[in-house]
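1. Below: sequence and its predicted model.
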Amino acid sequence: MTLINDIFNIKQPQRDPQSGDLLVVEPFLTEAHFRRAVILLVDHNDSEGTVGLVLNRRSNISLNSVLRNASCPTHIPLHIGGPVEHGRLLYIHTLGNRFREAIPLENGLYIGGNFADVVKYLNSDEYDERCIKFFAGYCGWTPGQLKKEIEEKTWAVTSLNDTLAAMVAQDDYYWQEIVATLGKEFRAWLLCPNEPHLN
């Protein structure tokens, strides 16, 4: 093992993930979709696999530009939820049962719901960008795959303690904020350069 891996590799065991948790990527994973990513697990089942959404990867595309049959304000951003099914639109929100068929997660978050209800909300005076977040695509793991990656120290697992921060999360700043909450064992991650493969 190289010296740099000795410095930044976390030996602390991780707890088993569950729906509603966050996955925080280790700083040396440079694959575009996962570089400094914080992922919200929206569905986790040991026998069926795992689905998650990258919270801090905002695209330059607006929601309005990808909707064909529904109009909405032009300023609503679209986030890249992960590398799987980029043509699939998903959304999380804090609006409870305001949207019929919404599925509760944890910490006041919901996923999905009747899209006609969503469009009506987006076009109302009540719309608040802190309450709903849209994603193109998602992250997916087959049964046992995520467990193996956690054992390999690719991910740290933590609870989502600040729903508002998750809803407004952007870029590396959110990754740094979450890493700072993981404890002193993870402080070395914050010292890792943004582009470690170039050093």
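-> Yep, it's here. The structure presented is a predicted model; accordingly, all values stated were derived computationally and were not measured. Residues are numbered from 1 along each chain as shown.

2. What separation do you get for residue 39 and residue 74?
-> For residue 39, the distance to residue 74 equals 28 Å [C-beta to C-beta, to the nearest Å]. Just so you know, the C-beta spots here come from the backbone N, C-alpha and C atoms, and that holds for glycine as well.

3. More neighbours: those two, which one.
-> Residue environment comparison for residue 39 versus residue 74 gives the larger neighbour count to residue 39, 26 against 9, counting by other C-beta atoms under 10 Å.

4. contacting residues for that one?
-> With contacts defined as C-beta atoms under 8 Å, 6 or more residues apart in numbering, the neighbours of residue 39 are 22, 23, 25, 52, 53, 54, 55, 82, 139.

5. Quick check: it is in a strand.
-> Yes - with DSSP: H, G, I helix; E, B strand; the rest coil as the criterion, residue 39 is part of a strand.

6. so what's residue 117 up against?
-> Residues in contact with residue 117 (C-beta under 8 Å, 6+ apart) are 98, 99, 100.

7. among the residues you listed, which ones are buried?
-> Taking 16 or more other C-beta atoms under 10 Å as the criterion, what is buried in the contacts of residue 117 is 98, 99.

8. Can you name the element that comes right after the helix or strand containing residue 87?
-> Take DSSP states H and E as the rule and residue 87 turns out to sit in strand 84-93. Proceeding N to C from strand 84-93, the next assigned helix or strand is strand 103-104, under DSSP H and E.

9. So which bits of the lengthiest helix in the chain are buried?
-> Among the elements of the chain assigned as helix by DSSP state H, the one spanning the most residues is helix 171-180. For helix 171-180, the buried set under the neighbour-count rule, 16+ other C-beta under 10 Å, comprises 174, 175, 178, 179.
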